[in-house]
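Q: Quick one: sequence and predicted model below, then my questions.
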Number of protein chains: 2
Amino acid sequence: MALRTRLTDRLGIEHPILLAPMGSASGGRLAAAVTAAGGLGLIGGGYGDADWLEREFAQAGNARVGCGFITWSLARKPHLLDQVLLRSPAAIMLSFGALRPFAQIVKTAGAPLICQVQTMAHAREAVEAGADIIVAQGAEAGGHGVSRATLTIVPEIADYLARSAPATLLLAAGGIADGRGLGAALMLGADGVLIGSRFWASEEALVPESFKAAAVAASGDDTIRTTVVDVARKIDWPQPFTARVMKTRFTMQWHGRETELAEPAVVEREMERCLDAATRGDVDNTGVFVGEAVALIRDIRPAGVILRQIVREAEELLGRKAPSFLGAR
Amino acid sequence: MALRTRLTDRLGIEHPILLAPMGSASGGRLAAAVTAAGGLGLIGGGYGDADWLEREFAQAGNARVGCGFITWSLARKPHLLDQVLLRSPAAIMLSFGALRPFAQIVKTAGAPLICQVQTMAHAREAVEAGADIIVAQGAEAGGHGVSRATLTIVPEIADYLARSAPATLLLAAGGIADGRGLGAALMLGADGVLIGSRFWASEEALVPESFKAAAVAASGDDTIRTTVVDVARKIDWPQPFTARVMKTRFTMQWHGRETELAEPAVVEREMERCLDAATRGDVDNTGVFVGEAVALIRDIRPAGVILRQIVREAEELLGRKAPSFLGAR
């Protein structure tokens, strides 16, 4: 029994679940594991490192995987898109920034174009750029995002697409980590979900074990949206994006004091502290990018086991009437 | 066909929908209309005005309605609880503040005790105080709240209650305005929902028509959480509460400049501006308390029509398998 939706039909996958292309965490093994379990894995292009991308696509082996980019960062290294398109990716996802000229390049190459959006203005831009799939990302998501909640932005965009671009599919992202979240997303009008944090806390994720253990121990109250970790790393994220991270000692020491943190002498010291701690897996002294969904993470398992459990739970909740959701929008 | 849950059984109502006791907006007529349609209406005790409460309970006539209080404000006027308990309310809801000694007084009087919470610490306090029903309120809600999203705090509290207080019921609040939201809430493990903004934008709500029209025209991107309206009114809300309001000219003029706004000469002028504009229904020059669910509000209808449509949509989405949700947690 499968949870068929327009997404599974369109992408030719078994379950309506995509792996979020989390920079540095979503490597080839994780992406391949999600694909092998019937979803679709997206490798995290992050800020763009050609060697890292080569290595991780190699790690994915023959698995059908896609790739996601931080769009404003890709604009500084546009050749990376060409490099990835040579791999015939299963899809390209663009998030955070102006879609031109990349959207057209992706479409010309024949790869499905996924655009992640955080506001209605973003959603309209994605439709204009010809997105095949829009990911509506709520602020409960880990990592970068804006301020809308998944619970309201998904149905608002569903209504907009029904009027303006009925063939464009819609995924929900942010706060979804189990079958309850998948079931809720389908109720809200999504054709599927994009899951980050729950797969970040999987065996295959390229994440220090100490970070994963911290996520298992955390409540959903233990995360915060902030610019601290970007300021400390001197990464100039544009407005209005902030990042959800754990309330570690490092983050809470500087949250609200970002101007002081940005002073040259301070930031050099804190950048070294932050990056060094990340390498050593020292949770206290760095930024740990994870969403409110930590509330629902109780163990570290292989990604395929996690995915199948999410699907099983959702099917159970939907009372095995899942096919009735097809075209529910 | 009814959407039966543990909530409908416990309260003896037909549909698992409660009216949020919105201060000044949820009067007797609105509460009675929600009850008449098969939900349960709660009159909004707000900051506590004995005459207003008398009048609105009278407006509710013989309808079975409850009442909600801002707990930290009730602590300054504790006699209001006794006044309302003499009316044999269908339930008492306490939000925002220390539950003692009110929880015990409500329980001794035999009224169901509903506690609205915004964090896991609040949820534990509510269980310790003997709450019959916990409302998990996400930050997408209009008016006062904290920062968690409905999508993650509902399942986190559902898991907590399953372990620690399985007889305590759970409602979802924040961002729910249609059958999709109700369906999603049931998926997440809630026994029902508490709805504010959608009923605030109903014919019976004690809200200026111009405010309702602004909500119909707004997107979910047009609201913000801020302390501006409280600072301007010199209402000393405790940390960590902020309020979601529309991005009106007044609010956006002062958001981020709260310290300046609080200066004596400034605040007297702006308080008069804000309160006067509210009286005149001048949206631009005041605070308009409404949630991200404005995204989903397209018309102003009688509350009973709204409620029945929400239920019909949810039943449709649930594929008429609603009874399978009983005890799904």
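A: That came in fine, so what should we check first?
Q: Wondering if the helix or strand hosting A:Val245 reaches chain B at all.
A: According to DSSP states H and E, A:Val245 maps onto strand A:242-246. No - residues of strand A:242-246 contacting chain B under C-beta under 8 Å from any C-beta of the partner chain: none, with a closest distance of 10.4 Å. Backbone N, C-alpha and C define where each C-beta goes, glycine included.
Q: what about the very next helix or strand once past that strand, near chain B?
A: Per DSSP H and E, the first helix or strand lying C-terminal to strand A:242-246 is helix A:249-254. No - Helix A:249-254 is not in contact with chain B by C-beta under 8 Å from any C-beta; minimum separation 13.8 Å.
Q: before we move on, back to that, pull the residues that contact the strand holding A:Val245.
A: Applying C-beta atoms under 8 Å, 6 or more residues apart in numbering or on different chains, the contact partners of strand A:242-246 are A:139-146, A:214-215, A:218, A:222-230, A:237, A:251, A:283, A:287-292, A:294.
Q: Quick one: buried ones out of those residues?
A: Buried subset of these (neighbour count, 16 or more other C-beta atoms under 10 Å in any protein chain shown): A:139-146, A:214-215, A:218, A:222-230, A:237, A:251, A:283, A:287-292, A:294.
Q: Which of those fall in strands?
A: Members of the buried ones among the contacts of strand A:242-246 lying in strands (criterion: DSSP state E): A:Gly143, A:His144, A:Gly145, A:Thr223, A:Ile224, A:Arg225, A:Thr226.
Q: just how off-centre is stretch A:295-302 within its chain?
A: 17 Å (C-alpha atoms, centre = their mean, to the nearest Å).
Q: Just the CA coordinates for that stretch, please, in PDB.
A: Below are the C-alpha coordinates for stretch A:295-302, written out as PDB (Å, rounded to 0.1, in the frame of the first residue of the first chain):
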ATOM      1  CA  ALA A 295      10.900  17.900  19.600                       C
ATOM      2  CA  LEU A 296      10.000  14.700  17.700                       C
ATOM      3  CA  ILE A 297      13.400  13.000  17.300                       C
ATOM      4  CA  ARG A 298      14.000  10.300  19.800                       C
ATOM      5  CA  ASP A 299      16.700   8.100  18.100                       C
ATOM      6  CA  ILE A 300      19.300   8.000  15.400                       C
ATOM      7  CA  ARG A 301      18.400   5.400  12.800                       C
ATOM      8  CA  PRO A 302      19.300   4.700   9.200                       C
END
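Q: Could you double-check that A:Ala90 lies in contact with A:Leu11?
A: Yes - contact criterion C-beta atoms under 8 Å: A:Ala90 and A:Leu11 qualify, at 7.2 Å.
Q: and the end-to-end length of stretch A:68-87?
A: With C-alpha to C-alpha, to the nearest Å as the measure, stretch A:68-87 spans 13 Å from end to end.
Q: again with stretch A:180-198
A: 13 Å.
Q: Stretch A:252-265 too?
A: 20 Å.
Q: rewinding a little: which residues do A:Ala90 and A:Leu11 both contact?
A: With C-beta under 8 Å, 6+ apart as the test, A:Ala90 and A:Leu11 both reach A:Leu40, A:Pro112.
Q: in chain A, what spans have low per-residue confidence?
A: Across chain A, the ranges flagged by pLDDT under 70 are A:1, A:320-329.
Q: again, only using 80
A: A:1-2, A:320-329 (pLDDT under 80).
Q: Going by residue numbers, what spans are helices in the stretch 1-150 of chain A?
A: Secondary structure of the stretch 1-150 of chain A by DSSP state H, counting those that start in this stretch: the helices cover A:6-11, A:28-36, A:50-59, A:71-74, A:79-85, A:102-109, A:120-128, A:150-164.
Q: Which residues belonging to the first one are considered buried?
A: Within helix A:6-11, the residues that qualify as buried are A:Arg6, A:Leu7, A:Thr8, A:Arg10, A:Leu11, counting by 16+ other C-beta under 10 Å.
Q: Ok, stretch A:97-105 next?
A: A:Gly97, A:Leu99, A:Phe102, A:Ala103, A:Ile105.
Q: A:Ala295 and B:Val154 touch, don't they?
A: No - using C-beta under 8 Å as the test, A:Ala295 is too far from B:Val154 to be in contact (9.8 Å).
Q: Common neighbours of these two, please.
A: Contacts common to A:Ala295 and B:Val154, judged by C-beta under 8 Å, 6+ apart, are absent.
Q: Now do A:Ala167: how many residues are near it, please.
A: 8 (other C-beta atoms under 10 Å in any protein chain shown).
Q: That one in helix, strand or coil?
A: For A:Ala167, the assignment made with DSSP: H, G, I helix; E, B strand; the rest coil gives coil.
Q: any idea how far A:His181 is from chain B?
A: Heads up, residue A:181 is Gly, not His. Distance of A:Gly181 to chain B, given as C-beta to the nearest C-beta, to the nearest Å: 7 Å.
Q: Need the contact partners of whichever strand or helix holds that residue.
A: Per DSSP H and E, A:Gly181 falls inside helix A:179-187. Defining contact as C-beta under 8 Å, 6+ apart, one finds that helix A:179-187 is touched by A:3, A:5, A:16-17, A:150-151, A:154, A:171-172, A:175-176, A:192-193, A:293, A:296, A:309-318, A:322, A:325, A:328, B:151, B:155, B:158, B:180, B:183-185, B:187-189, B:317.
Q: Buried ones only from the residues you listed, please, as a ChimeraX command.
A: Buried subset of the contacts of helix A:179-187, written as a ChimeraX selection, criterion 16+ other C-beta under 10 Å:
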select /A:3,5,16,17,150,151,154,171,172,175,176,192,193,293,296,310,311,313,314,315,317,318,322,325,328 /B:151,155,158,180,183,184,185,187,188,189,317
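Q: May I have the phi/psi pair for the residue of chain A positioned farthest from its centre?
A: What lies farthest from the middle of chain A is A:Ala265; by C-alpha atoms, centre = their mean that is 33.3 Å. Here is the backbone geometry of A:Ala265 (degrees, to the nearest 10): phi -60, psi -40.
Q: quick one: it and A:Ala232, what's the gap?
A: For A:Ala265, the distance to A:Ala232 equals 13 Å [C-beta to C-beta, to the nearest Å].
Q: can you check A:Leu81 too?
A: From A:Leu81 to A:Ala232 the distance is 28 Å (C-beta to C-beta).
Q: chain center to stretch A:119-128, what's the gap?
A: On C-alpha atoms, centre = their mean, the centre of stretch A:119-128 falls 18 Å from that of its chain.
Q: Please report the distance of the residue nearest to A:Glu125 when sequence neighbours are not counted from chain B.
A: In space, and not counting its chain neighbours, A:Glu125 is closest to A:Leu99: 6.1 Å by C-beta to C-beta, 6 or more residues apart in numbering or on different chains. Counting by C-beta to the nearest C-beta, the separation of A:Leu99 from chain B is 19 Å.
Q: Perfect, I'm done here.
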